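Novice: Sequence first, then the predicted structure, then my questions.
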Amino acid sequence: MIAQRLSAPSTSRQTLQSPGSSPSAETSQVGSSLARGKADDSGHCELLIYDAAETLPAGWLEVTLVGITADRPVHLVLQVTLLRGDEDAVECSLPPVLRGSDLRVVVRAQQPVRRIKLVAAPEPVPFRVASWQTLHHSRLAALMRAFQAAPLPTIAAAYWRLAGKKLRARNRLKRILGLPPAIDYGSWLRTHEPCWTAEIPALLAELDRAERKPRIGVFLEIELGDEISRDTLASLAAQTGPPWRLIVSGGEADRDAAALAGIAHDRCARLNEPRATRLNAAMTSLEADWFLIVRNGDRLAPGALARLAVAVSMQPAAAAAYGDHDLIDRHGRRQRPSFKPNWNLPLFLAHDYIDMVAVRCEAALSVGGFRGDHSGLEADDLLLRLAAAKVSGPIVHIPRILHHRCQQPPKLEALDHLVASRGRMVETHLARENVEISAQPDRFGHVRVRCPLPTPAPMVSLVVPTRDRLALLQPCVEGLRQTGYLALEIIIADNGSRRAETLRYFESLGGDTRVRILPMPGPFNFAAINNRAVEAARGAVVGFINNDIQVIEPAWLTEMVSHAVRPGIGAVGAKLLYAEGTVQHAGVILGLNGLAGHAHRFFPAEHLGYMHRLQAPQHIAAVTAACLIVEKKKFEQAGGFDEIAFPIGFNDVDLCLKLRACGYENYYTPYAVLYHKESASRARDTTRARRAAYARECDILRHRWRHLLADDPYYSPHLTRAEEDFSLL
């Protein structure tokens, strides 16, 4: 309820209280309003934080949650419902928590707020919150709060803004305010979905011109005792364009007859046989070109089958195709869209980001069809065999919402079974490629693939460029010396260090045969220094390590090398953290701010990220040379760093894209974690000459890789290029 409303010279102030509470001393804060609450001791899967007759004004909301506990890790989502309706909800996914956790969340609401709710999603794990507090800030109050909380970082943000790096400046302010990605999906849909709907007539016209329309078979599986979802059938009945036929497995023929009236369908007669047998029987009996499994309760988007037919007609050799999806609740409200990358094998091995896939029947039968080796994962197993088959075509991504997944989370015991079964499926898949690996669930519920090192393990040469800065260099080198990888040499590429303490430290390293000091005099050229060091390196694997990197745990290098030596892998990057524990690097996305940016920058280290991508291994367009591992022969094949075009910046992005051009995939692993004091060792870009050089490097990158900067295959075209948080475009 609204307890009181006061005024201030430049903004308003509100005091919001839960029933029975008394006004707090904090109501004196200028430009802020306060709401407090205390939960009961019982566990629940959602918690109503604010729901009153009078709305909160638009602006910045700061929610503090104290004493979050649960019996198992719980993923929470803060839902802020705006005035226009339940479909207009700003959602913030929070880091996973277990017991005794405190969280602070800041969100920006562009419309008045009428409800704030904390929900355990997608798994309904009961949780408890001891107490919470909500502050409302005006824009001026938010900026004042940022400066009061961290004056130097706020000034640094202003510096980066003046230096022309708007993305970095904006994200530094977001870090100070604790702002996670906010998704107003309702507003986004109102803008974009009419455009998607307008595309359907053109799709149908293109199908009419096709010599042969792909025939699509749809398999609808119903649990025993359940009825066919009328929403699912309605979405199927509304499909136009390609010829399609439905086959139903489960349900009761008499009860379902009325619902199926008017829809061409068959019933599966093999209800007592294993699921894989039923799927294969359905696929062959339908005599279709493509086979699509639809969950009962899910809904196909308008024009979904037409989009599928056009996409596979354009790529007739495709083995499988998938689209984007979102979640839909029982009231028809859509939320949490999954805008996916193109086919990304390691991401799929970690968890099923695809959700629904159509397979070409001929390709599926050529690799043995559906198999019953991994219960509940028959489609995933088939997709992996299609991906591995040499005769199979590509797996196509259609960047449109093709279906709305019914928001009915599986039971926890079913999730545990699926994760364990997925691990066995991944091991079976990699065993087909003669890779001796283990695949076990990690603490986030992903399947972690551990690849063995060759025997003997390859020599690794770590290159550390430096010029004095002993306070940074010494912790970096000492951490590298304690790395638990035996076949190691450390090359300190010295670009003219002069300080006595630095030279004394170099002398002290003389007794360690693994460390070499390589003089590199002359003007600073990061690319040239590293190229000369690689020429002198004895290792079959080289690593580029900034002198502002600090090792956290000794197994990081083993993890990175185990992937770098795989035949199809180019550069391998790590998860790098700022000193306060937020993400500095989790892969590089092309096209951000017109150039490139770091995925999930300033997210909490334990956050799942967008579509689990912060905590899951994956192919990525590029990784930073602050900590980059690559086989020496691949580095040389790509031509090394470009010393002329990129002496200071973007040489790592250019190298990674040249590796991709050579046929290698770059790789991000979240299981190698280090600290990175970003740019602490570099001179600030304040001089006119340096700003001009930076502008020149930007122009060259845009010209050389403009086709990839415009279309990063590992990033959806529906996500923003103005932020690093995977928010909507």
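Specialist: Structure received.
Novice: I figured residue 116 hits residue 50, correct?
Specialist: Yes - with contact defined as CB atoms under 8 Å, residue 116 reaches residue 50; the gap is 4.1 Å. In this view, the C-beta of every residue, glycine as well, is placed from N, C-alpha and C.
Novice: Confirm residue 187 sits in a helix?
Specialist: Yes - the assignment for residue 187 by DSSP: H, G, I helix; E, B strand; the rest coil puts it in a helix.
Novice: which regions of the stretch 1-150 of the chain sit below the pLDDT cut-off?
Specialist: 1-43, 73, 84-89, 93, 95-101, 122-123, 138-143, 145, 149 (pLDDT under 70).
Novice: Helices along that one, start to end?
Specialist: For the stretch 1-150 of the chain, applying DSSP state H, counting those that start in this stretch gives helices covering 139-149.
Novice: Tell me where the stretch 151-300 of the chain has helices.
Specialist: 151-162, 166-177, 185-209, 230-237, 253-260, 275-285.
Novice: Which of these has the lowest mean pLDDT?
Specialist: Ranked by mean pLDDT, the helices of the stretch 151-300 of the chain end with helix 166-177 at the bottom, a mean of 67.
Novice: Buried ones in stretch 694-713, by neighbour count?
Specialist: In terms of neighbour count (16 or more other CB atoms under 10 Å), stretch 694-713 has its buried residues at 694, 697, 698, 700, 701, 704, 705, 708, 709, 712.
Novice: thinking again about what came up before, quick one: common contacting residues for residue 116 and residue 50?
Specialist: Contact criterion CB atoms under 8 Å, 6 or more residues apart in numbering; residues shared by residue 116 and residue 50: residue 134.
Novice: Mean confidence (pLDDT) on the helix or strand where residue 533 lies, please.
Specialist: Using DSSP states H and E, residue 533 falls within helix 526-536. Averaging pLDDT along helix 526-536 gives 97.
Novice: Tell me the buried residues in it?
Specialist: Buried residues in helix 526-536 (16+ other CB under 10 Å): 526, 527, 528, 529, 530, 531, 532, 533, 534.
Novice: try stretch 240-255
Specialist: 241, 242, 244, 245, 246, 247, 248, 249, 250, 251.
Novice: Kindly check the end-to-end length of it for me.
Specialist: End-to-end distance of stretch 240-255: 26 Å, with CA to CA, to the nearest Å as the criterion.
Novice: Residue 103 versus residue 129, what's the distance?
Specialist: Per CB to CB, to the nearest Å, residue 129 is found 9 Å from residue 103.
Novice: Please identify which of the two sits among more neighbours.
Specialist: residue 129 (23 against 20; other CB atoms under 10 Å).
Novice: Got the confidence number for the closest residue to residue 268 other than its chain neighbours?
Specialist: Closest residue to residue 268 apart from its sequence neighbours, by CB to CB, 6 or more residues apart in numbering: residue 249 at 3.9 Å. Reported pLDDT at residue 249 in the predicted model: 86.
Novice: Distance of residue 249 relative to residue 266?
Specialist: Taking CB to CB, one finds residue 249 at 10 Å from residue 266.
Novice: what's the distance between the residue most central in space within the chain and residue 322?
Specialist: Nearest residue to the geometric centre of the chain (CA atoms, centre = their mean): residue 613, 2.7 Å. According to CB to CB, residue 613 stands 16 Å off from residue 322.
Novice: what does residue 563 give?
Specialist: Counting by CB to CB - residue 563 and residue 322 are separated by 25 Å.
Novice: the more surrounded of the two?
Specialist: Neighbours were counted for residue 563 and for residue 322 using other CB under 10 Å; residue 322 has more, 23 against 19.
Novice: hang on, that one is in a helix, isn't it?
Specialist: No - with three-state DSSP as the criterion, residue 322 is assigned strand and is not in a helix.
Novice: how many other residues sit next to residue 217?
Specialist: Neighbour count for residue 217, taken as other CB under 10 Å: 24.
Novice: same deal with residue 406?
Specialist: So residue 406, with other CB under 10 Å, has 17 neighbours.
Novice: now whichever strand or helix holds residue 666, how far from the centre of its chain.
Specialist: Using DSSP H and E, residue 666 sits within strand 665-676. Offset of strand 665-676 from its chain centre (CA atoms, centre = their mean, to the nearest Å): 13 Å.
Novice: any idea which helix or strand carries residue 475?
Specialist: Here residue 475 is assigned to helix 470-481, by DSSP H and E.
Novice: if we can go back for a sec, switch the helices of the stretch 151-300 of the chain over to TSV; also include distance to residue 579.
Specialist: Output for the helices of the stretch 151-300 of the chain, formatted as TSV (distance: least, CB to CB, whole Å):
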stretch	distance to residue 579
helix 151-162	12
helix 166-177	12
helix 185-209	34
helix 230-237	50
helix 253-260	60
helix 275-285	50
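Novice: nearest to residue 353, of those?
Specialist: If you check each of these against residue 353 by CB to CB, helix 185-209 wins as the nearest, at 18.0 Å.
Novice: Buried residues of the closest one, list them for me.
Specialist: Buried residues in helix 185-209, defined by neighbour count with 16+ other CB under 10 Å: 185, 186, 187, 189, 200, 203, 204, 207.
Novice: Would you format these as CSV with distance to residue 572 included?
Specialist: Shown next, in CSV, are the buried residues of helix 185-209 (distance: CB to CB, whole Å):
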residue, distance to residue 572
185, 34
186, 39
187, 39
189, 38
200, 43
203, 40
204, 45
207, 43
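Novice: Which one of those is nearest to residue 542?
Specialist: residue 185 (43.9 Å).
Novice: surely that closest one meets residue 728?
Specialist: Yes - at 7.0 Å, residue 185 and residue 728 qualify as touching, with contact defined as CB under 8 Å.
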